[in-house]
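Engineer: let me see the structure of the following:
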Amino acid sequence: MPALDLDTQPGADLDADLAAERAHLTTSRAALGRMRERAESLFATGDQVAGDAYAAETLGRTLARRVAELADDPITPLFFGRLDFGGAPNTSATDSGTTNDPTAPDGSGDHYGRRYHVGRRHVTDERGEPLVLDWRAPVSRSFYRASVRDPQGVAVRRRFGFSNGVLTSFEDERLDRGEELGTTSRILTAEIERPRVGPMRDIVATIQPEQDELVRADLADSICVQGAPGTGKTAVGLHRAAYLLYLHRERLRRAGVLIVGPNRAFLSYIAAVLPALGEVEVEQATVEELISRVAVRAVEAPAVAALKHDVRMASVLRRAVQTQIGAPTESITVSDGSFRWRIGVEPLHRIVEETRREGLPYGTGRERVQARVVSLLQRQAEARRAESPSDAWLRRMSRCRPVLDFLDAVWPALTPEGLVHGLFSGPDRLAAAADGLLSDAEQAQLVWAKPARTPKATRWTAADAVLIDEATGLLERLPGFGHVVVDEAQDLSPMQCRAIARRSEHGSVTLLGDLAQGTAPWAATDWKESLAHLGKPDAVVVPLTVGFRVPAAVVAFANLLLPVLAVDVPPAESLRHDGGLDVRTVTDLTSATVAEVRAALAHDGSVGVIAADDAVDGLRAALAEAGVQTATADDVATAERVTVVPATLVKGLEYDHVVVVEPAAIVAAEPRGLHRLYVVLTRAVSRLAVLHVAPLPAPLVGGSAG
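Structural biologist: The predicted structure follows:
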């Protein structure tokens, strides 16, 4: 790396400086292209160097992943910042033998007089020297955390401004001279407020110190982020996943990383973030997709669904499984040619009780009982024949009728679907499992009036699928992940939390949400309860209250709802004093919406029209008739700037200009309508227009002239 002359840097000739940075960008892009070409060449010839078909397939997957990771988007800057280190050399570090490599895992090294460009991924020249450092490298931490109070050896921090991939400007902070821009940085502000159309972008250029601390939390730590609207909680969770993959790549590649979102529209919205950071092997799913063992083909009353999501159902199912285990009542005798082997009631009883006490999944316990019975038969055969039976003999004994009859009597085979079907098909079995847990009235709600004859013929509901997943976890071990990020977690029921817990038992979680935005009937009111259901009761809850995306006027208007939402969360704040809020009484909602959308299209960025679900089709038709093309929430990759979104699907999304149509109808559409309205009002990142014919909900009256 070139040394700096700190008396003349940054250079006096700004045009020359800008030209030099553009040249470095060109060099870096060419180097990234060479890295990708080399990976493609290796991929093309990998089968010629692999020793066998399995090795060729493994190598092929690795190289294909490497090619994908090195993809270059010409409109996405390769680097967004630069660190110039000054100060006295770190003699102690040099003497102790630490490395000058800025990517050293422990972050040590003497960076005196060195310059590093910080970007989305690591780029090296032909000699292997870094041209761009990955934002996750230890030394890159200083780009986010260095300050005048704690410069961390940084003399100059430079931020770059880009437009469509072209480097247009830069801005320096001379930390060694007490110059620090903080949130008044023009480039930082422009990047945060940049209009967006389409999928969510990464925030690597704008991560704030409090966000960076969460992003770089240890893999072993489970954390919960209570994030007010616009505070970047979703981005923090995604960037933490990217950081952990960087730091623990092989471990997490084997164990896997899972992102859980509230709906497919939300997952489509965030899908581009991790690939933009070079991470292409992260699984994304909704909770419904995660537990999709059965097809959901029916809908039930909300009260019944809420009861099935109650955590007491876990105890009901566990008891239903345990009651299947019986006690041996008679010995078993097995014929083996001219021999007869007999096992008495007492040793059989001991096998069952020992296995029960081990607390294994029910299916594993059945296999263990079977194996132990065969082991007793084997001992008798060995004692009589003075030789060990063959593997074929052991398999034959395990399948012989006396052993299978014994198993079916004391530890019968179960399926998750069969267990739940049996529980709800008649009152007696449910009563035995739910005694003392559910009231008679609650049990009556759960029993099917006309049960299907078989589990396969049953029309399952979404809540049934959650119970079947719980039953699956009781019967067998489910595959887990090394780290799970759960967004919009405030809407997870206790039983849904348990479904995620089964998949993160030996891993950590990042829980993201806002209690004020809870809209489900079972929405959380206390993060500690959710964390307990997730199996992470010791996780730290960290509030993020300062927002950078949603304008202060919009935040203040939405905050008027907080006192009636019955949740204990700190109110959101915003550092943005731009943007606009317009609350208007109109006479014709449809024509007013069309006019507002036309006005919004005069500005840059995306436009979101949000209304009660039953009003969406009419608004979309009216806009189409007026010549305004629109997209749905699922159409993330569309070129259309206007999206018409049902209020129930807008959670987690954001638009530059939001038009909220008839708040009273949104509130009236569901029991937690005020919570839904709070979500809707906080989707705007530049301008919010609220159009209404009916009176505004009482908490908002007087909040803004209209």
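Engineer: got any ranges where the stretch 151-300 of the chain has weak pLDDT?
Structural biologist: Low-confidence segments of the stretch 151-300 of the chain, defined by pLDDT under 70, span residues 182-184, 193, 196-199.
Engineer: in it, mark out all the helices, start to finish.
Structural biologist: 186-193, 209-215, 233-247, 249-255, 264-270, 273-276, 287-290 (DSSP state H, counting those that start in this stretch).
Engineer: most neighbours per residue, which of those?
Structural biologist: helix 233-247 (a mean of 24; mean count of other CB atoms under 10 Å). (Each C-beta comes from the backbone N, C-alpha and C, glycine too.)
Engineer: which strands or helices does that one pack on?
Structural biologist: For helix 233-247, the contact count by 3 or more CB pairs under 8 Å, 6 or more residues apart in numbering; DSSP states H and E identifies helix 209-215, strand 223-227, helix 249-255, strand 257-261, helix 273-276, strand 483-486, strand 508-513 as packing neighbours.
Engineer: out of the ones you listed, which comes closest to Arg379?
Structural biologist: Each of those was scored for nearness to Arg379 using CB to CB, and the closest is helix 249-255 (39.1 Å).
Engineer: ok now that closest one, how far from the chain's centre?
Structural biologist: Chain-centre distance of helix 249-255: 17 Å, with CA atoms, centre = their mean, to the nearest Å.
Engineer: may I see the buried residues of stretch 368-378?
Structural biologist: When burial is assessed from 16 or more other CB atoms under 10 Å, stretch 368-378 yields the following buried residues: 368-370, 372-374, 376-378.
Engineer: how about the nearest residue to Arg318, chain neighbours excluded?
Structural biologist: On the basis of CB to CB, 6 or more residues apart in numbering, the spatially nearest residue to Arg318 that is not a chain neighbour turns out to be Leu474, at 6.2 Å.
Engineer: looking at the helix or strand harbouring the one you found now, give me its mean pLDDT.
Structural biologist: Here Leu474 is covered by helix 462-475, with elements defined by DSSP states H and E. Per-residue pLDDT over helix 462-475 has a mean of 98.
Engineer: helices or strands up against it?
Structural biologist: Packed on helix 462-475, when contacts are counted by 3+ CB pairs under 8 Å, 6+ apart, are helix 287-290, helix 302-308, helix 312-322, helix 362-385, helix 416-424, helix 494-502.
Engineer: among those, which comes closest to Gly436?
Structural biologist: Comparison of those against Gly436 by CB to CB identifies helix 312-322 as nearest, at 9.4 Å.
Engineer: and that closest one, how far from the chain's centre?
Structural biologist: 29 Å.
Engineer: that helix: which residues count as buried?
Structural biologist: Per 16+ other CB under 10 Å, helix 312-322 contains these buried residues: 313-314, 316-318, 320-321.
Engineer: C-terminal to it, what's the next element?
Structural biologist: Stepping forward along the backbone from helix 312-322, the first helix or strand reached (DSSP H and E) is strand 332-336.
Engineer: about what we covered before: would JSON lines of the helices and strands packed on helix 462-475 with distance to Gly161 be doable?
Structural biologist: Rendered in JSON lines, the data for the helices and strands packed on helix 462-475 read as follows (distance: least, CB to CB, whole Å):
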{"stretch": "helix 287-290", "distance to Gly161": "40"}
{"stretch": "helix 302-308", "distance to Gly161": "50"}
{"stretch": "helix 312-322", "distance to Gly161": "53"}
{"stretch": "helix 362-385", "distance to Gly161": "59"}
{"stretch": "helix 416-424", "distance to Gly161": "55"}
{"stretch": "helix 494-502", "distance to Gly161": "40"}
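Engineer: so which of these is nearest Leu437?
Structural biologist: When the helices and strands packed on helix 462-475 are compared by CB to CB, helix 312-322 sits nearest Leu437, at 5.1 Å.
Engineer: any idea of the mean pLDDT for that closest one?
Structural biologist: For helix 312-322, the mean per-residue pLDDT is 97.
Engineer: number of residues surrounding Arg145?
Structural biologist: Counted with other CB atoms under 10 Å, the neighbours of Arg145 add up to 17.
Engineer: nearest residue to it other than its sequence neighbours?
Structural biologist: The spatially closest residue to Arg145, leaving aside those adjacent along the chain, is Pro209, at 5.1 Å (CB to CB, 6+ apart).
Engineer: can you check His248 too?
Structural biologist: Counting by CB to CB, 6+ apart, His248 lies nearest to Leu219, which is 5.5 Å off, once chain neighbours are set aside.
Engineer: now do the same contact list for the residue nearest to Arg318.
Structural biologist: Contacts for Leu474 were tallied using CB atoms under 8 Å, 6 or more residues apart in numbering; they are 317-318, 321, 361-362, 416, 419.
Engineer: adding distance to Val567, write these out as CSV.
Structural biologist: Formatted as CSV, those follow (distance: CB to CB, whole Å):
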residue, distance to Val567
Leu317, 30
Arg318, 31
Val321, 36
Pro361, 37
Tyr362, 38
Pro416, 34
Leu419, 36
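Engineer: which one among those residues gets closest to Trp460?
Structural biologist: Set against Trp460, the nearest of these by CB to CB is Pro416 (11.1 Å).
Engineer: so what's the closest one up against?
Structural biologist: Contacts here follow CB under 8 Å, 6+ apart; on that basis Pro416 touches 293, 468-469, 471-472, 474-475.
Engineer: and if we set it to 7 Å?
Structural biologist: If you count contacts by CB atoms under 7 Å, 6 or more residues apart in numbering, Pro416 has them with 293, 468, 471-472, 475.
Engineer: same check, this time on Gly627
Structural biologist: Applying CB under 7 Å, 6+ apart as the definition, Gly627 turns out to have no contact partners.
Engineer: with distance to Arg498 added, can I get the contacts of Pro416 in TSV?
Structural biologist: TSV is the format used below for the contacts of Pro416 (distance: CB to CB, whole Å):
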residue	distance to Arg498
Arg293	15
Ile468	13
Ala471	11
Thr472	11
Leu475	15
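Engineer: and those residues, which two are furthest apart?
Structural biologist: Taking CB to CB, the two most distant members of the contacts of Pro416 are Arg293 and Leu475; they sit 11.3 Å apart.
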